[in-house]
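Chemist: Fold the following and give me the result.
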Amino acid sequence: MTEWYHYPMLIGIGFLVGGINTIAGGGSLISLPILIFLGLPPSVANGTNRVAVVVQNALGSAGFASKGVTTAPFNIYLGISALLGALLGAHIAVDISEALFNRILAGVMIVVVFLLLLKPKMRLEVPKENIKGKRLWTAVIAFFFIGIYGGFINAGIGFIIILFLHHVNRMTLVRANATKTVAVLLYTLAALTVFVINDKVAWDVGAVLAIGNGSGAWYASRFSVGKGDGFVKVFLIIMIIILSIKLWFYDL
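Modeler: Coordinates of the predicted model:
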């Protein structure tokens, strides 16, 4: 990446991706292939993308908190569990060959398409939130495995987290998103550490992308709280349609 125009382009892409990831998910399915297309080796693109994801979720979490939306300490419990899984997933990511990573990424995109097409129906009104007892421990265990995937590749994980919290813990979409930003922040910090130790981060590219991701996340988090679950649901449906079409015809 030596062309000057790549950097303002990355800020714009990052703003879009940060907003998408904060309100819905699937943004890394946009940013990760673009980083590879711009010349970064797949493993370095994977690590570099985490810089932007950390900043994005830090500012997204702050944005939700500034509007009074927080699920602590539930989100911390999930984040710690996912963090442990992410350490394992990130180690797998830095050890596999680039050719195998490309095949896995392509396979993930196909799987995400079917997950999006078969997505369970989301409800605007859900039963009383349940984040204690058995539902808490179910979430903690599930997030360990979510963390393994997140540490490995992270692409499309936002949809999985939102659907899980919405249907298992009975969270509204806004509160599920607020929980997601904290949990993803914690496990991505762990994954990023592994990528840094293994010299798999292009800091200049990651920093520029992070400017866009962070800005998009801050704006989207505060905007979505004001608009409520109805807006989030419509946004999710739109993103599902767009990403399904994109991923179905995407050729890595």
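Chemist: roughly how far apart are Thr22 and Leu78?
Modeler: 17 Å (CB to CB, to the nearest Å). C-betas here are computed from N, CA, C, even on glycine.
Chemist: Helix or strand next in line after the helix or strand hosting Ala58, which one?
Modeler: Secondary-structure assignment from DSSP states H and E places Ala58 in helix 42-66. Beyond helix 42-66 in the direction of the C-terminus, DSSP H and E gives the next helix or strand as helix 74-95.
Chemist: Show me where this structure dips below the pLDDT cut-off.
Modeler: 1-2, 102, 105-127, 227-252 (pLDDT under 70).
Chemist: if we go to 80?
Modeler: Low-confidence segments of the chain, defined by pLDDT under 80, span residues 1-4, 24-26, 29, 97-127, 155-156, 223-252.
Chemist: Start from the N-terminal end of it and give the helices.
Modeler: Using DSSP state H, the helices assigned to the chain run over residues 6-23, 28-37, 42-66, 74-95, 98-117, 133-152, 157-167, 173-197, 203-248.
Chemist: ok, back up a step: does anything pack onto the helix holding Ala58? Which helices or strands?
Modeler: Counting by 3 or more CB pairs under 8 Å, 6 or more residues apart in numbering; DSSP states H and E, the packing neighbours recorded for helix 42-66 are helix 6-23, helix 28-37, helix 74-95, helix 98-117, helix 173-197, helix 203-248.
Chemist: can we see that at 6 Å?
Modeler: If you count contacts as 3 or more CB pairs under 6 Å, 6 or more residues apart in numbering; DSSP states H and E, helix 42-66 packs onto helix 6-23, helix 28-37, helix 98-117, helix 173-197, helix 203-248.
Chemist: Off-centre distance for that helix?
Modeler: Centroid separation between helix 42-66 and its chain, computed with CA atoms, centre = their mean, to the nearest Å, is 8 Å.
Chemist: which parts of that helix are buried?
Modeler: Burial within helix 42-66, assessed by neighbour count using 16 or more other CB atoms under 10 Å, is assigned to 42-61, 63-64.
Chemist: Residues touching that helix, excluding its own?
Modeler: With CB atoms under 6 Å, 6 or more residues apart in numbering as the contact definition, helix 42-66 has outside contacts at 14, 18, 22, 28, 31-32, 35-36, 93, 98, 101-102, 178, 181-182, 184-185, 188-189, 191-192, 195, 200-202, 205-206, 209-210, 213-214, 217-218, 221-222.
Chemist: In ChimeraX, select just the buried ones from those residues.
Modeler: Applying 16+ other CB under 10 Å to the contacts of helix 42-66, the buried members can be selected in ChimeraX as follows:
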select :14,18,22,28,31,32,35,36,93,101,178,181,182,184,185,188,189,191,192,195,200,201,202,205,206,209,210,213,214,217,218,221,222
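Chemist: what residue is smack in the middle of this structure?
Modeler: For the chain, the residue whose C-alpha lies nearest the mean C-alpha position (CA atoms, centre = their mean) is Gly158; its distance is 4.7 Å.
Chemist: give the contact list for that residue.
Modeler: For Gly158, the residues meeting the contact criterion (CB under 6 Å, 6+ apart) are 21, 25.
Chemist: again, only this time at 7 Å
Modeler: For Gly158, the contacting residues are 21, 24-26, 180, taking CB atoms under 7 Å, 6 or more residues apart in numbering as the criterion.
Chemist: Give me the buried entries from these.
Modeler: Among the contacts of Gly158, the ones that count as buried by 16+ other CB under 10 Å are 21, 24-26, 180.
Chemist: tell me which of the residues you listed is nearest to Ile153?
Modeler: Ranking those by separation from Ile153, with CB to CB as the measure, puts Gly26 on top at 12.4 Å.
Chemist: Return the distance of that closest one relative to Leu100.
Modeler: Applying CB to CB, one obtains 23 Å for the distance of Gly26 from Leu100.
Chemist: Same question for Ile30.
Modeler: The spacing between Ile30 and Leu100, counted by CB to CB, is 22 Å.
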